[in-house]
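Peer 1: Give the three-dimensional model of this entry:
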Amino acid sequence: MGSWSFCTCTWRPYFSGMDSGQKVAVIGGGAAGFFAALSAAKHHHKAKVTLFEKSNKLLAKVKVSGGGRCNVTHACFSPAVLAKAYPRGGKQLKKAFSEFHAQNTVDWFTSRGVALKTEEDGRMFPVANTSQAIIDCLMHEAQSAGVQIRMSSPIREITRSKSDAGGFELHGERFDAVVVATGGSPKSAGFEWLRSLGHTISDPVPSLFTFNMPGESVTKRMGLVVPEAIVRIQGTKLSHQGPVLITHWGMSGPAVLKLSAWGARELEQRDYSFTIQVNWVGLPNEEEVSTIMEAASSEARKKKMANACPFELPKNFWQFLLERSGLDADRPWMELGKKGRNKLINTLVNDTYTVKGKTTFKEEFVTCGGVTLGEVDFKTMQSRVVPGLYFAGEVLDVDGITGGFNFQAAWTTGFVAGQLNS
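Peer 2: This next block holds a predicted model:
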């Protein structure tokens with residue numbers, strides 16, 4: 001079904017005998033692995049492509065992502081801008097995005113009957129609103145392309161073949177080229193088999209996590225979303241603006257998740273114990289907040305403070321902020337006074353909370369860390385250490401912020417790796 005003809009790049013085969021039944025192994029049955037296998041089958045149509053998956057499930061992260069809908073990519077169609085969504089690997093991915101980026105992903109799926117839609121925040125999902133649409137498409141393409149899939153087949157070692165033809169051996173079987181798309185690992189030991197080949201590994205630490213705030217009263221307002229907060233981590237330069245979701249354990253939402261991604265290593269060094277400063281109204285300074293409150297005063301004079309919020313905040317959360325400022329929400333606005341106004345302004349723009357611990361974001365396990373980026377040529381995804389070995393997806397020290405960016409990196413690096421260019 002379909003073709004890959006929309007990618008205008010030229011490619012040079014790594015192995016000269018590609019028309020003579022050469023064999024390609026892809027290790028990992030996730031998004032990057034499937035795209036690498038499909039790319040190899042399309043670009044080298046006479047090669048025998050085998051995909052190895054260690055478990056008895058394929059595309060497991062695709063299945064659960066986006067609440068079961070699969071956040072396929074993000075509606076960001078400039079490779080240069082797209083690359084800025086990656087705390088690690090953005091500069092390198094910019095090269096790969098020149099060959100395959102978000103628009104190519106949209107074209108690839110829509111040309112195969114999977115229409116995508118864009119939500120207000122730029123995230124893209126199947127119109128069918130189910131990840132099964134993506135899984136079915138990839139499985140059908142793999143079957144059509146003749147990709148052989150071996151389930152429950154963990155690869156714990158890659159060795160150089162001793163045959164005259166060279167290549168690699170996996171489970172005693174020789175392959176001419178190997179694409180590693182095994183995903184991230186929570187522990188450095190999970191990369192030992194790649195270290196044994198001569199690769200350097202950046203130690204993995206969690207990325208994309210929510211903040212735990214045991215004992216903080218804000219958790220009693222769980223379920224509320226503040227639309228335009230600015231969250232800073234005290235003692236660092238880390239700051240992000242966006243929606244914040246109050247949870248029963250602390251805070252989540254795009255602003256928090258972006259902070260967790262950009263600060264992944266620094267927060268790990270702090271043992272996930274730090275203080276955040278929250279500007280709940282998203283305005284840059286206290287003067288602007290004061291001006292808005294002053295302008296609303298004449299109309300709100302006789303209203304209860306609980307009903308006089310001049311900002312876009314959930315009513316229940318506004319009441320919480322009044323209480324946090326030591327104000328009686330049932331008193332009229334005109335009794336606020338200068339002292340009360342200053343307390344409220346300070347709470348609105350300089351509210352602080354203690355974070356102690358983290359929680360994985362839904363079922364989406366993302367790490368930073370993996371194969372060091374300087375050891376991979378991102379124009380081809382081939383190892384600079386071991387010729388004929390390629391990498392794709394989260395096995396690399398590459399990770400993106402939430403919103404479909406990690407899947408886009410998987411589609412892109414898988415596509416480029418599968419071309420098997422040298």
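
Peer 1: Residue 78 is in contact with residue 98, correct?
Peer 2: No - judged on Cβ atoms under 8 Å, residue 98 makes no contact with residue 78 at a distance of 11.1 Å. In this view, the C-beta of every residue, glycine as well, is placed from N, C-alpha and C.

Peer 1: of the two, who's got more company?
Peer 2: Set side by side, residue 98 and residue 78 show more neighbours around residue 98, with 16 against 12, by other Cβ atoms under 10 Å.

Peer 1: which residues does the more buried one contact?
Peer 2: Contact partners of residue 98, counting by Cβ atoms under 8 Å, 6 or more residues apart in numbering, are residue 79.

Peer 1: can you pull the pLDDT of it?
Peer 2: Residue 98 carries a pLDDT score of 96 in this model.

Peer 1: Over to the one 5 residues further on?
Peer 2: According to the prediction, residue 103 has pLDDT 98.

Peer 1: again, but for the one 3 residues further on
Peer 2: pLDDT recorded at residue 106 is 98.

Peer 1: Residue 74 is in contact with that one, correct?
Peer 2: No - counting by Cβ under 8 Å, residue 106 does not reach residue 74; the two are 10.4 Å apart.

Peer 1: got any residues that touch both of those two?
Peer 2: Taking Cβ under 8 Å, 6+ apart as the contact rule, residue 106 and residue 74 both touch residue 124.

Peer 1: Look up how far residue 334 lies from residue 302.
Peer 2: Counting by Cβ to Cβ, to the nearest Å, the gap from residue 302 to residue 334 is 7 Å.

Peer 1: Which one's more surrounded, these two?
Peer 2: Using other Cβ under 10 Å as the criterion, residue 302 and residue 334 rank with residue 334 on top: 14 against 9.

Peer 1: okay, now the residue nearest to the more buried one when sequence neighbours are not counted: neighbour count?
Peer 2: In space, and not counting its chain neighbours, residue 334 is closest to residue 301: 4.2 Å by Cβ to Cβ, 6 or more residues apart in numbering. Per other Cβ under 10 Å, the neighbour tally for residue 301 reads 13.

Peer 1: After the lowest-mean-pLDDT helix or strand in the chain, heading C-terminal, what element do we hit next?
Peer 2: Of all helical and strand segments in the chain, the minimum by mean pLDDT, DSSP states H and E falls on strand 358-360, at a mean of 90. Per DSSP states H and E, strand 358-360 leads on to strand 366-371 as the next helix or strand towards the C-terminus.

Peer 1: Can you name every helix or strand that that next one contacts?
Peer 2: Contacts defined by 3 or more Cβ pairs under 8 Å, 6 or more residues apart in numbering; DSSP states H and E place strand 366-371 against strand 201-207.

Peer 1: for the next helix-or-strand element following the strand it packs on, packing partners?
Peer 2: The helix or strand immediately downstream of strand 201-207 is strand 209-212, counting by DSSP H and E. The contact analysis (3+ Cβ pairs under 8 Å, 6+ apart) places strand 209-212 against strand 250-252, helix 254-262, strand 351-356, strand 358-360.

Peer 1: Which of these sits closest to residue 384?
Peer 2: Evaluated with Cβ to Cβ, the helices and strands packed on strand 209-212 place helix 254-262 nearest to residue 384, the distance being 26.4 Å.

Peer 1: angle of that closest one against strand 201-207?
Peer 2: 160 degrees (axes from the mean of the first three to the mean of the last three Cα atoms, to 10 degrees).

Peer 1: So what touches the helix or strand just after helix 254-262?
Peer 2: Heading C-terminal from helix 254-262, the first helix or strand you meet, by DSSP H and E, is helix 264-269. Helix 264-269 has contacts (Cβ under 8 Å, 6+ apart) with 87, 205-207, 233, 236, 238, 260, 274, 358, 368, 399.
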